[in-house]
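Q: need a 3D model of the following:
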Amino acid sequence: MTQAAHLADLLTSANRVLVFTGAGISTESGIPDFRSPGGVWSKMSPIYFQDFVASREKRREAWTRVFNRTAGWTGASPNEGHHAVTKLVDAGKVSMVVTQNVDNLHQDAGTPEDKVVEIHGNASYATCLECGKRYEHEELKPRWEADEDITCLFCTGLVKTATISFGQPMPEEKMLLADDEARACDLCLVLGSSLVVYPAASLPLVAKQTGAKLAIVNRDPTEQDVVADLVLNTGIGALLSETIEMMGL
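A: The predicted structure follows:
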């Protein structure tokens, strides 16, 4: 039996699938991952949340990275993997996509906003840290070009990309929703996550411990492989395309 056939069997027999995605699904779109050689953090140091809040110089550096696209998190197009996940959502097979990614590619592929939980935020827009007002990057760019300290026009709070930085609290509401989905699913499908960043990486374990099957598709082995029902160390896009074709989607 092929890898795709094994995965198709698991998906077909499941009624409520939670898809959990990490950087590995987006590297096939040309977006760099974080920790591997050549990844984002090997090229530049992260700016910690407390430093962003405390230092105008660090805020300036952070915005320069945004507008120069230094991290490479935006501007890419969804790939076969993202489109396959959307088809599974549209078919009613996947109840929720929980992603560690900040690239907006699941939504760009057509997965509805209310079916995506971004536990590490989104790099494609910004929000006020005080009132939560959303800002598009392009409307902020002239203020960056004028060397302004970018603050909210409504409450004067600091404005920051909508990503969750190191040292920044995880979004409690989104984590609770993701935890609820992990407990409710009967299959957790991990796509492209090394499963080393907690608390996010605890979600597949929660699913497994509450009775769901666990399938992991990742380029490299993970620490959770030992409890998984299926482990496939392969590329994601081609595998998922073949899988959904087998399922008639």
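Q: am I right that Ser124 sits in a strand?
A: Yes - using DSSP: H, G, I helix; E, B strand; the rest coil, the assignment for Ser124 is a strand.
Q: next one: it from Leu230, what distance?
A: 32 Å (C-beta to C-beta, to the nearest Å). The way it works is simple: take the backbone N, C-alpha and C, and place the C-beta from them, glycine included.
Q: any idea how far Trp63 is from the closest residue to Ala62 other than its chain neighbours?
A: The shortest distance from Ala62 to any non-neighbouring residue, by C-beta to C-beta, 6 or more residues apart in numbering, is to Ile47 (5.1 Å). If you measure Ile47 against Trp63 using C-beta to C-beta, the figure is 10 Å.
Q: one more: Met96?
A: 32 Å.
Q: kindly report the same for Gly110.
A: To Trp63, Gly110 is 30 Å away according to C-beta to C-beta.
Q: ok so, going back, so which of Ile47 and Trp63 has more stuff around it?
A: For Ile47 and Trp63, the more surrounded residue by other C-beta atoms under 10 Å is Trp63, and the numbers stand at 23 against 18.
Q: helix, strand or coil: sort out the more buried one for me.
A: helix.
Q: list the contacts of it.
A: Leu140, Trp144, Ile150 (C-beta atoms under 8 Å, 6 or more residues apart in numbering).
Q: export the residues you listed as JSON lines, with columns for neighbour count and pLDDT.
A: Converted to JSON lines, the contacts of Trp63 look like this (neighbours: other C-beta atoms under 10 Å; pLDDT from 0 to 100):
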{"residue": "Leu140", "neighbour count": "19", "pLDDT": "97"}
{"residue": "Trp144", "neighbour count": "17", "pLDDT": "95"}
{"residue": "Ile150", "neighbour count": "20", "pLDDT": "97"}
